[in-house]
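Quick one, fold the following:
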Amino acid sequence: MPRDEQGIRVSADRYRIIPRTLCFVCDGDDVLLLKGAPNKRLWANRYNGVGGHVERGEDVCSAALREICEETGWQAGDIADMQLRGLIHIDAGDPQTGIMLFLFTATALRRDTAASEEGTLEWISRQKLMEYDLVEDLTVLLPRVLALTTDDPTLFGRYSYGPDDKLLISISDCHLPGML
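Got it, this is the predicted structure:
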């Protein structure tokens, strides 16, 4: 199909999304989380998975792997079993642009990490995750994602904001035959 048939020009006024990745890297019972640097614009001093934006020319999986490597100091061979676990559409209130968050899990083949300008990395036991100052949605998302087995279907969700700017989280239980 020629690029003109992709419909980009005629879709200029349609809703668009910014693609982002978020990965929860595990080693046994521990999850690697990034505590945002104190000067970080978003999520300063709060814990989140590793991830970031999908760059032009990347597929989503390659972007997630690149972000893991950039934020941990690892190489691609230091990670195994990377799996897409969920898609979250984030409506942050802009009528023209939203965010599509691609959630992954992966297994670490090493535990040592390198410092990053993004913040500090910490291995945290699954049993103690809720004791940490997590990014707001992780209190709902982490238990669900970490409970998934290899055969479980992909999670689908939507985040939006209420009139009081409170984050509203909806995770779909859509398990139709033939769905990914």
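
Look up which residues are beta-bridged to Asn48.
Counting by DSSP bridges, Asn48 forms beta bridges with Leu34.

Report the contact partners of it.
Shown in contact with Asn48 (Cβ atoms under 8 Å, 6 or more residues apart in numbering): 22, 33-34, 36, 134-135, 138. (C-beta placed from N, C-alpha, C; glycine too.)

how about those residues in JSON lines, adding pLDDT, distance to Gly57 and neighbour count?
As requested, these are exported to JSON lines (pLDDT from 0 to 100; distance: Cβ to Cβ, whole Å; neighbours: other Cβ atoms under 10 Å):
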{"residue": "Leu22", "pLDDT": "98", "distance to Gly57": "20", "neighbour count": "23"}
{"residue": "Leu33", "pLDDT": "97", "distance to Gly57": "28", "neighbour count": "25"}
{"residue": "Leu34", "pLDDT": "95", "distance to Gly57": "25", "neighbour count": "23"}
{"residue": "Gly36", "pLDDT": "92", "distance to Gly57": "27", "neighbour count": "20"}
{"residue": "Leu134", "pLDDT": "97", "distance to Gly57": "32", "neighbour count": "20"}
{"residue": "Val135", "pLDDT": "95", "distance to Gly57": "28", "neighbour count": "18"}
{"residue": "Leu138", "pLDDT": "96", "distance to Gly57": "29", "neighbour count": "21"}
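
Show me which pair in the residues you listed is furthest apart.
Leu22 and Gly36 (13.3 Å; Cβ to Cβ).

quick one: which of the contacts of Asn48 sit in strands?
22, 33-34, 36 (DSSP state E).

Val50 and Gly93: what is the separation?
Distance of Val50 to Gly93, given as Cβ to Cβ, to the nearest Å: 26 Å.

more neighbours, these two?
Val50 (26 against 10; other Cβ atoms under 10 Å).

Surely the more buried one is in contact with Val25?
Yes - contact criterion Cβ atoms under 8 Å: Val50 and Val25 qualify, at 6.6 Å.
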